[in-house]
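**Student:** Everything below, folded, please.
(chains A and B)
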Amino acid sequence: MFASCADPKSLEGLAWLICYLASGKHLLFYLSFGTVLLLLAITAPVALLFGFGGAMASRSRIAGLRWFGRIYTSMVRGVPDIIFFLFVPIALDQALEWLRSRVYCDPSVPVRQGNEFIVCAAAKLPLSTSPEWVHQAYGIFLAVIAFAVVFGAFAANVLHGAMQAVPRAQLETAEAYGMTPRQVSRRILIPQMWTYALPGLANLWMILIKATPLLFVLGVEDIVYWARELGGAKTSAYSYPHPDWRLYYFLAILVFYLLMTWGSERIFDRIRARLSAGQAIAAGEALRKAAP
Amino acid sequence: MKKLMLAAAAFALTAGMGMAQTVRIATEGAYPPYNLVNDQGEVDGFEIELGNELCKRAELECTWVKNDWDSIIPNLNSANYDAIMAGMSITEERKKSVAFTQNYMPPNPSAYAAPAADVDVTQGVIAAQTNTIQAQYVAESGAELLEFATPDEAVGAVRNGEAEAVFADKDFLAPVVEESGGAFVWVAGKDDIPLGEGIGMALRQSDAELKQKFDAAIAAMKEDGSLNELIKKWFGEDSLLF
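**Tutor:** Numbering: from 1, shown residues only, chains lettered A, B, ... in the order given. Model prediction:
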């Protein structure tokens, strides 16, 4: 990166360390923090959407929808996360490729041949000719879906509970004013449920942050991959030989995650204070008493 | 949108016939000098240089994919990529699930490295990388096998005292032993154990055409001596040649 780093073997001490930390491999390591943040930024709203859908479905008056919502929440919550993370991306990938193969390939050729799963070149997802970043993005897309399915089920449960917690008297009053069920949910139920849902959702967010290293299991090159790769002992086959430094790299990741969760805690405290204002719950009552 | 996709598909189909096809080759990127991730963050090593040369000779367009060693064969069979060049020894057991080209490295010796030369490697705990011929050898030797996802972690286990010795390809261990400053030595009489049938490129069993192309390219490189040159460049003057 810097001109002075052209010959790393001649460097010593701090100059060596600066060049080492600025190597192309380290830049990829720093970028992978962005991958984790990007995943969080996409997954959180998508999971919330899944959760919202699940919660609405399990409150539905249509029996089929209600059963679907209940089965989704209880089934996904009952299976270890890692199984879903291993299952969903493979299943989704093969399902998409199978569907495409029915359109683009000769349908008489089976996709399963012995222990191989093959579709013709035109049905591959992404195409073999696509640049590497498309493959990476596709991997992240599959990961987002897997995360959203798992965390959506938990969010659905939290939101369902929050909806039940809104005082029945509020809804009855709205009905007495002649609002339709749809209006009651939109105007009264949903705005009020957030304050009940927040503690549970905050908790889920923390678990989601802590679950991001599972990206590594899915083959996405995240911070855990790079920490292990960079930290491993390097012989002189590399420009910057060093002994086993995994400890320091994992320590850096540990600090990153602690900062993330600590920062989130702060933000949630603010939102909580805001949502509690004027609510007939203990936190709202405390705010009312504190006011002069 | 659909028309566009169909057009793209039609293009991909026809393009595949005339022009060079894209072959995705998987490697581990953690097994120097066979394959490694260099300080620019790119894959590098003997197999990368060899693979690029083979693709040039076979008139194929190749891209490299990094994949964990553990899932490298299953992902080949589910067509995430088309070939593997990752220091994979040709064995009877692997031949059941994938097809190999002819070897591009002669059967190289494996070796035990330990803190002391007099370690008894037929008992005690021995570290090796999981799913390798070395791991299988250790399991059959009577010693207790401790498996790791990467060879580097297997070496680390001996440093931490978790295992008494590590068993791996001698070419991989040689720089580790040389640069350890005495922390590692070859185990006496156990530093030259021939295993496997050499290292080859793994392909799907249904990909006979691709196998034929690579086989021809490897044979050509053996014939004109350029493969030997490449081996000397990465493994030193006194390594086994064809």
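**Student:** what about residue 156, which helix or strand?
**Tutor:** As the question left the chain open, I've gone with chain A. Under the assignment given by DSSP states H and E, the secondary-structure element containing residue A:156 is helix A:132-165.
**Student:** ah, no, chain B please
**Tutor:** With DSSP H and E as the criterion, the answer for residue B:156 is helix B:151-159.
**Student:** Out of the helices and strands in chain A, which is least certain?
**Tutor:** Lowest by mean pLDDT, DSSP states H and E among the helices and strands of chain A is helix A:282-290, with a mean of 73.
**Student:** follow-up on the earlier one: chain center to the helix holding residue B:156: distance?
**Tutor:** Here the centre of mass of C-alpha atoms in helix B:151-159, compared against the chain's by C-alpha atoms, centre = their mean, to the nearest Å, lies 18 Å away.
**Student:** What of stretch B:85-104?
**Tutor:** Using C-alpha atoms, centre = their mean, the distance from the centre of stretch B:85-104 to the centre of the chain it belongs to is 10 Å.
**Student:** avg pLDDT for it?
**Tutor:** Throughout stretch B:85-104, pLDDT has a mean value of 92.
**Student:** circling back to that earlier point, quick one: mean pLDDT over the helix holding residue B:156.
**Tutor:** Helix B:151-159 shows a mean pLDDT of 90 in the predicted model.
**Student:** Which parts of the chain are helices?
**Tutor:** Using chain A here. A:13-21, A:24-58, A:63-77, A:81-104, A:132-165, A:168-176, A:181-183, A:190-211, A:223-231, A:246-276, A:282-290 (DSSP state H).
**Student:** right idea, wrong chain: chain B
**Tutor:** B:2-18, B:46-58, B:72-77, B:92-95, B:133-141, B:151-159, B:170-178, B:208-223, B:226-235.
**Student:** Out of those helices, which gets the lowest mean score?
**Tutor:** Least confident of these, judged by mean pLDDT, is helix B:2-18 with a mean of 47.
**Student:** so what's the residue in the stretch 1-150 of chain A that chain B sits nearest to closest to, chain neighbours aside?
**Tutor:** In the stretch 1-150 of chain A, the residue found nearest to chain B is residue A:24; the distance is 3.7 Å by C-beta to the nearest C-beta. For glycine as for every other residue, the C-beta is placed from the backbone atoms N, C-alpha and C. In this structure, residue A:24 finds its nearest non-sequential neighbour in residue B:40, 3.7 Å apart by C-beta to C-beta, 6 or more residues apart in numbering or on different chains.
**Student:** pLDDT score for that neighbour?
**Tutor:** 85.
**Student:** just the one 4 residues further on next, same as before
**Tutor:** The score at residue B:44 is 91. That number is its pLDDT.
**Student:** residue contacts, it?
**Tutor:** Contact analysis of residue B:44 by C-beta atoms under 8 Å, 6 or more residues apart in numbering or on different chains lists B:35-38.
**Student:** again with residue B:169
**Tutor:** Applying C-beta under 8 Å, 6+ apart as the definition, the contact partners of residue B:169 turn out to be B:31, B:34, B:87, B:108, B:110-111, B:134.
**Student:** which one of the helices of chain B is the most hemmed in?
**Tutor:** Each of the helices of chain B was given a mean neighbour count from mean count of other C-beta atoms under 10 Å in any protein chain shown, and the largest, a mean of 23, is that of helix B:151-159.
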